[in-house]
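> Okay, sequence plus prediction incoming.
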Amino acid sequence: MTMTFRRALACLAGAAIALTAAPAAANSFLGDPLARFEEPICPGIIGLQEDFATAMVARIRENAERIGLATANMESCDANLIIAFFDDGRSYFQRLADERGYLFLPLSVSERRELIEEAGPARAWITTETRTRDGMVVGRRENMDDLPTARVMAAHSRIYVPIRREITSSMVVIDRAAVSGLSVNQLADYATLRGIAQTYPESDEGAASILTLFDSGADAPAGLTEFDSAYLERLYSSIPNLPASSRLRNLE
């Protein structure tokens, strides 16, 4: 599915936004549930020739189905996982901040600056909502005196929390110059991991990951690595409101 820039913005606007130049370490949020899609994903591509875009969408859908993440009917769905190829992703975000600053309101000044000034060729814009375990949206706090509370519960010997973090849409932006020499599968697998997982676990052994695809001097993996796949399978298994500590236990 190819799509226009205007349609992409329409798909992403209207919810709490987290803009990240690199995925946060999942190990930093061990008491919280990890964000993931709960609704079927609908990948869409901006800035690629149609044949390459079609192949990339097919690969992303295959990756999702392999880990148990549902995919929407591509003939009728609105894209909620957008991969965009621009000449300069940094300039794109700067222009977006200048012309559509309201999209960045959930970010602090330092967070906005960090995203725009990031030197890397890829960025992810992830939209999340906090919901109860039954799917009701949890309102955002309005001030520091109105702090949300969560009590850990136990049921059937499984520890869980009363909220879940749901990715409602995401956009992965990649500089065109950085894709030279890379395959469609490599780009699709990178976009899969960046687009459907807001956080990534740290590995003591420094396990190989497709996240190193754009690292200078690194041997680029051919696709999702064994560790990447194991993490995504773990992320999308079981109930959505497991704390990260339970979901990541014994991940290898």
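Nice, thanks for sending it over.

> Contact partners for Ile210?
Contacts for Ile210 were tallied using C-beta atoms under 8 Å, 6 or more residues apart in numbering; they are 186, 189-190, 193, 221, 223-225, 228. All C-beta spots, glycine's among them, are computed from the backbone N, C-alpha and C.

> Now flag whichever of those residues is closest to Ala178.
Nearest to Ala178 among the contacts of Ile210 is Tyr190, at 10.4 Å by C-beta to C-beta.

> What number of residues are in the vicinity of the closest one?
By the measure other C-beta atoms under 10 Å, the count of residues near Tyr190 is 27.

> Make sure it is actually in contact with Ile83.
No - with contact defined as C-beta atoms under 8 Å, Tyr190 does not reach Ile83; the gap is 9.2 Å.

> that older thread, so can I have CSV of the contacts of Ile210 showing secondary structure?
Output for those, formatted as CSV (DSSP: H, G, I helix; E, B strand; the rest coil):
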residue, secondary structure
Gln186, helix
Asp189, helix
Tyr190, helix
Leu193, helix
Pro221, coil
Gly223, coil
Leu224, coil
Thr225, coil
Asp228, helix
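
> Between those, which sits nearest Ser91?
Distances from Ser91 to the contacts of Ile210, taken by C-beta to C-beta, are shortest for Tyr190, at 21.0 Å.

> Kindly state the pLDDT recorded for that closest one?
What the model reports as pLDDT for Tyr190 is 97.

> Quick one: residues contacting it.
So Tyr190 contacts 122, 172, 174, 210-211, 213-214 (C-beta under 8 Å, 6+ apart).

> just to revisit the earlier point, can you check which residues contact both of Tyr190 and Ile83?
172, 174.
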